[in-house]
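# Pasted the sequence and its predicted model underneath.
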Amino acid sequence: MGDLLLQIKNLKTYFYLDEGTVRAVDGIDLTVEKGETVGIVGESGCGKTVAAQSILQIMPEPGKIVAGEINYYPDNHKPPVNLARLNPKKDILRRIRGNEISFIFQEPMTAFSPVHTIGNQIMESFLIHNKEMGKRQARAETITILKRVGIPDPGQRVDAYPFQLSGGMRQRAMIAMALSCNPKLLIADEPTTSLDVTVQAQILALLKALQEKYGMSILIITHDLAIVAEMASKVAVMYMGKLVEKGNIMEIYDNPAHPYTKALLDSLPAREKDAEYLKVIKGSVPDPYTRLVGCEFAPRCEEAIEGICDKEKPSVTEVADGHLVWCFLYSDQKEGLGNVEK
Ligand SMILES: Nc1ncnc2c1ncn2[C@@H]1O[C@H](COP(=O)(O)OP(=O)(O)OP(=O)(O)O)[C@@H](O)[C@H]1O
Ligand SMILES: [Mg+2]
């Protein structure tokens, strides 16, 4: 095992609303090692973004971390900092945000101010993070980083406003801004969803190349398991705020255990080349206030065992080395439960 950078333990982030409580993240465990890429996948609304935002406590109001730890190890010789415990308004978390851990958002327009040029915004970031740097050098560095992320004519584009760039160029500019502080961890939340496939492939290749150059860790969030397979070494599959499966990406891609993961994989075009229709996952994600006594996926699961999956929560089983699954199909827990015939 490599050196730990981030260790999330039993993280819970809830929204207490008048209509009920949304358990957006409901007890997840995840580790990211130095230099490693980890993926989080799952359908819309399963809690991927809120989980990632919790790391920096930038989830929208009234989201609150109600339990768990987010241990950050910037230096392996020192004890970790528990990010979940830091006051979001205090300096320590502010310094870590955008200085050591940066975030690429799904929609780049939200990251940039529309009234300043992208160059000025990236320069600003350089100046904030390097107190000794002068304006002239910051501008030169900005042009260099714009060039590095593949923006043609960076000497000119540096003076462009966000609306003057195409979606792909804006996404590159946002990656440039995220990299301007040379982060230890880059969180990329659906970094390519709004882009066409060619640009998507370019951006993913760019992230990989930059990771090799800078050695940062990446946490990539997407609904597309094929993207994770391309980028990450480990994957965590989420459903309704919980993990359903976790482990090495190749192992899970080849031997998915959880019926939800299997269904996600079956809905990928690349894997079903000969199929006339892509499979879709039966049913839809229930509304977020729902609380089930059994497994959250049971109502949509084709392999659900009546009397068990709808009655109890599955605990975790290790089906192969480091390959964890939260499902009764693989656990001894079902013995003695419900009315199964043996
Ligand atoms: N500001 C908010 N107020 C109340 N609930 C919220 C808020 N933001 C998110 N949620 C809820 O938290 C849950 C998780 O949302 P999240 O955005 O993390 O999903 P996601 O997996 O990132 O989905 P997508 O793939 O669509 O981006 C959802 O049920 C959502 O409705
Ligand atoms: Mg999201």
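Right, received. Where do you want to start? Ligands and ions are numbered 1, 2, ... in the order given.
# hang on, I122 in a helix?
Yes: counting by DSSP: H, G, I helix; E, B strand; the rest coil, I122 is part of a helix.
# Isn't it up against S180?
Yes: counting by CB atoms under 8 Å, I122 touches S180, with 5.5 Å between them. For glycine as for every other residue, the C-beta is placed from the backbone atoms N, C-alpha and C.
# what touches both of the two?
142, 145 (CB atoms under 8 Å, 6 or more residues apart in numbering).
# helix/strand/coil for the spatially most central residue of the chain?
Nearest to the geometric centre of the chain sits I221, at 3.1 Å (CA atoms, centre = their mean). Assigned by three-state DSSP, the conformation of I221 is strand.
# partners of it in the sheet?
Per DSSP bridges, residues listed as beta-bridge partners of I221: I40, D189.
# and the residue in the stretch 151-300 of the chain that ligand 1 sits nearest to, how many neighbours does it have?
For the stretch 151-300 of the chain and ligand 1, the shortest gap (CB to the nearest ligand atom) falls at P288, measuring 3.4 Å. Using other CB atoms under 10 Å, P288 is surrounded by 19 other residues.
# Ok, the one 3 residues further on next?
If you count neighbours by other CB under 10 Å, R291 ends up with 12.
# do the one 5 residues further on as well
E296 has 24 neighbouring residues, counting by other CB under 10 Å.
# go on, K48?
Neighbours around K48, by other CB under 10 Å: 24.
# Hmm, it is touching I40, no?
Yes: at 5.0 Å, K48 counts as touching I40 under the criterion of CB under 8 Å.
# list residues touching both of these two?
Joint contacts of K48 and I40 (CB under 8 Å, 6+ apart) are 221-222, 238.
# Would you confirm that L6 belongs to a strand?
Yes: remark: L6 belongs to a strand, assigned using three-state DSSP.
# hang on, the earlier thing: which ones are touching the residue of the stretch 151-300 of the chain closest to ligand 1?
22-24, 45, 240.
# What ranges in the stretch 51-200 of the chain fall below the confidence cut-off?
Scanning the stretch 51-200 of the chain with the threshold set as pLDDT under 70 gives 108.
# Residue of it nearest ligand 1, please.
P60 (3.6 Å).
# where's that residue, which helix or strand?
Under the criterion of DSSP states H and E, P60 resides outside all helices and strands.
# Those residues of this structure touching ligand 1, which are they?
Remark: the part of the chain in contact with ligand 1 comprises 15, 17, 22, 24, 42, 44-50, 60, 223, 288, using CB under 6 Å from any ligand atom.
# Mind doing that once more with 5 Å?
By CB under 5 Å from any ligand atom, the residues of the chain that approach ligand 1 are 15, 22, 24, 44-50, 60, 288.
# What is the nearest of those residues to T261?
Here the nearest of the residues of the chain next to ligand 1 to T261, counting by CB to CB, is C46; it sits at 12.3 Å.
# what residues are up against the closest one?
238-241, 285.
# Out of the residues you listed, which one has the weakest pLDDT?
Lowest pLDDT among these: V285, with 79.
# secondary structure class for it?
Following three-state DSSP, the label given to V285 is coil.
# okay, and for the stretch 201-342 of the chain, where does confidence drop off?
In the stretch 201-342 of the chain (pLDDT under 70), the answer is 270-279, 334, 336-342.
# Now do the strands in the chain.
In the chain, the segments counted as strands under DSSP state E are 4-17, 20-33, 37-41, 63-72, 81-82, 101-104, 185-189, 217-222, 234-239, 242-248, 316-320, 323-326.
# Just the residues contacting the top helix by length along the chain, thanks.
Counting by DSSP state H, the longest helix found in the chain is helix 197-214. With contacts defined as CB under 8 Å, 6+ apart, helix 197-214 is touched by 35, 37, 148-150, 167-168, 171-172, 175, 179, 182, 186, 188, 191-192, 195, 216, 218, 220, 227, 230-231.
# just stretch 36-45 next, same as before
Outside stretch 36-45, the residues touching it (CB under 8 Å, 6+ apart) are 2, 5, 30-32, 48, 51-52, 211, 217-225, 227-228, 231-239, 249, 264, 281, 285, 288.
# Buried subset of these, written for PyMOL?
Isolation of the buried members of the contacts of stretch 36-45 (16 or more other CB atoms under 10 Å) is achieved in PyMOL through the command below:
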select buried, resi 5+30+31+32+48+51+52+211+217+218+219+220+221+222+223+224+225+227+228+231+232+234+235+236+237+238+239+249+264+281+285+288
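# V199 and K90, how far apart?
Distance, V199 to K90, by CB to CB, to the nearest Å: 39 Å.
# what's the answer for D196, then?
Where K90 is concerned, D196 sits at a distance of 42 Å (CB to CB).
# Domain ranges for the protein, per the record?
114-182, 259-334 (automatic domain parsing).
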